[in-house]
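**Q** the sequence and its predicted three-dimensional model are supplied below.
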Amino acid sequence: MLRMFRSIHSLATRFALFVLMIAATLLPAQVTPKPGKAQNAYIRTNTFGFFFAYSNDSSHILMGAAENRKLLNIGATYGRRIWAGKVVNWQYHGEIMPVALESDPVDVSVLTVTPSNAPPYQISGVFEPYTNCVAGTTVPAPPVTAHGVTYTTSETTTCSRRWTIGEGMMPVGFQWNFIPRHGIQPFLVGHGGYIYSTHAIPVQGAGHFNFAFDFGAGIEIFRGKKRSLRLDYRYHHISNHDTANYNPGIDNGLAEITYCFGK
């Protein structure tokens, strides 16, 4: 099964890189508007950037069921102008994430068994709950007698977190900047792609390969014609589309900051 997911991951990566190459070479860029009317417009033909994105929690926003998951993404962006006018600047926008970390709550359960004729021993297990971990100690179960030996048990649960390393790519995306003549521009953005992780997320049996998409809004603050800073907030969804045994899905509100440059 892991070999199959690695094959899917390899094919997805090649396809995503192919899409980025096509976007970079074939997407048309509108000629800069006429001087005098848009000479003050903050519009770039090609835009590159580096971003940092983080979400401290997940919940059932639209489609996901897994709660209390954290995301941390670090990567690069590429954008190319498709069409620009007085009101909107429409751009192709893709992201690549060599660092895509996901954090799950973990239950560490220790069952203590005490036989009447021997020292106690322990059985431990690690589980990823769909919802929040709940720490505590269960009331000892009533004694059980088998083959002349009486057993008593008690269970203790502690909570921790586990970060899973991954990488991803969002090769299909668009961005719409409004009022492009102004140095501060509101925008809408959306992407589709995948995330591949070294451990199944968000629970065991959910798979290493997941599809992802996001959409949101933000503002872009220009520092001259070539450089800018983007701040946005997105709905971000991860799921395996039922390609694995379990598919709870993860919904996050993702905040992202991007430093952009280009011409």
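**A** Everything's here; your move. Numbering: from 1, shown residues only.
**Q** just checking, Val126 touches Val110?
**A** No - between Val126 and Val110 there is no contact under Cβ atoms under 8 Å: 10.4 Å. From N, CA and C alone the C-beta is placed, and that goes for glycine too.
**Q** of those two, who's got more company?
**A** Using other Cβ atoms under 10 Å as the criterion, Val126 and Val110 rank with Val110 on top: 14 against 11.
**Q** assign the more buried one to helix, strand or coil.
**A** With DSSP: H, G, I helix; E, B strand; the rest coil as the basis, Val110 sits in strand.
**Q** contacting residues for it?
**A** By Cβ atoms under 8 Å, 6 or more residues apart in numbering, the contact set of Val110 is 122-124, 155-158.
**Q** who's it bridged to?
**A** Ser124, Thr156 (DSSP bridges).
**Q** turn the contacts of Val110 into CSV, including distance to Gln91.
**A** Output for those, formatted as CSV (distance: Cβ to Cβ, whole Å):
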residue, distance to Gln91
Gln122, 58
Ile123, 56
Ser124, 52
Glu155, 55
Thr156, 54
Thr157, 49
Thr158, 48
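**Q** quick one, which of these are buried?
**A** Buried members of the contacts of Val110, counted by 16 or more other Cβ atoms under 10 Å: 155, 157.
**Q** which of the contacts of Val110 lies closest to Ile96?
**A** Nearest to Ile96 among the contacts of Val110 is Thr158, at 37.3 Å by Cβ to Cβ.
**Q** ok, the residue lying closest to the closest one once chain neighbours are set aside - contacts?
**A** Of all residues not flanking Thr158 in the chain, Val108 sits nearest, at 4.8 Å (Cβ to Cβ, 6 or more residues apart in numbering). Neighbour list for Val108: 124-126, 157-160 [criterion: Cβ under 8 Å, 6+ apart].
**Q** before we move on, the earlier item: okay, the contacts of Val110 in TSV with pLDDT and distance to His237 next?
**A** Putting the contacts of Val110 into TSV (pLDDT from 0 to 100; distance: Cβ to Cβ, whole Å) gives the following:
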residue	pLDDT	distance to His237
Gln122	86	39
Ile123	86	37
Ser124	84	33
Glu155	85	35
Thr156	87	35
Thr157	86	29
Thr158	85	30
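**Q** so which of the contacts of Val110 is the closest to Gly49?
**A** Thr158 (41.2 Å).
**Q** correct me if wrong: that closest one contacts Ala135.
**A** Yes - contact between Thr158 and Ala135 holds when scored by Cβ under 8 Å: they sit 5.5 Å apart.
**Q** partners of Ala255 in the sheet?
**A** Ala255 has these beta-bridge partners by DSSP bridges: Tyr54, Tyr233.
**Q** ok, now how distant is it from Glu167?
**A** Ala255 sits 20 Å away from Glu167, going by Cβ to Cβ, to the nearest Å.
**Q** which of the helices or strands spans Arg81?
**A** Using DSSP states H and E, Arg81 falls within strand 70-84.
**Q** list the helices and strands that strand packs on?
**A** On a contact count with 3 or more Cβ pairs under 8 Å, 6 or more residues apart in numbering; DSSP states H and E, strand 70-84 meets helix 2-26, strand 46-55, strand 88-115, strand 166-178, strand 250-262.
**Q** so for the second one, what gets flagged as buried?
**A** In terms of neighbour count (16+ other Cβ under 10 Å), strand 46-55 has its buried residues at 47, 49, 51, 53, 55.
**Q** tell me the helices and strands packed up against that strand.
**A** Using 3+ Cβ pairs under 8 Å, 6+ apart, the elements in contact with strand 46-55 are strand 70-84, strand 227-239, strand 250-262.
**Q** count the residues that sit near Ser109.
**A** 14.
**Q** would you confirm that it contacts Cys159?
**A** No - using Cβ under 8 Å, Ser109 is not in contact with Cys159; the gap is 10.5 Å.
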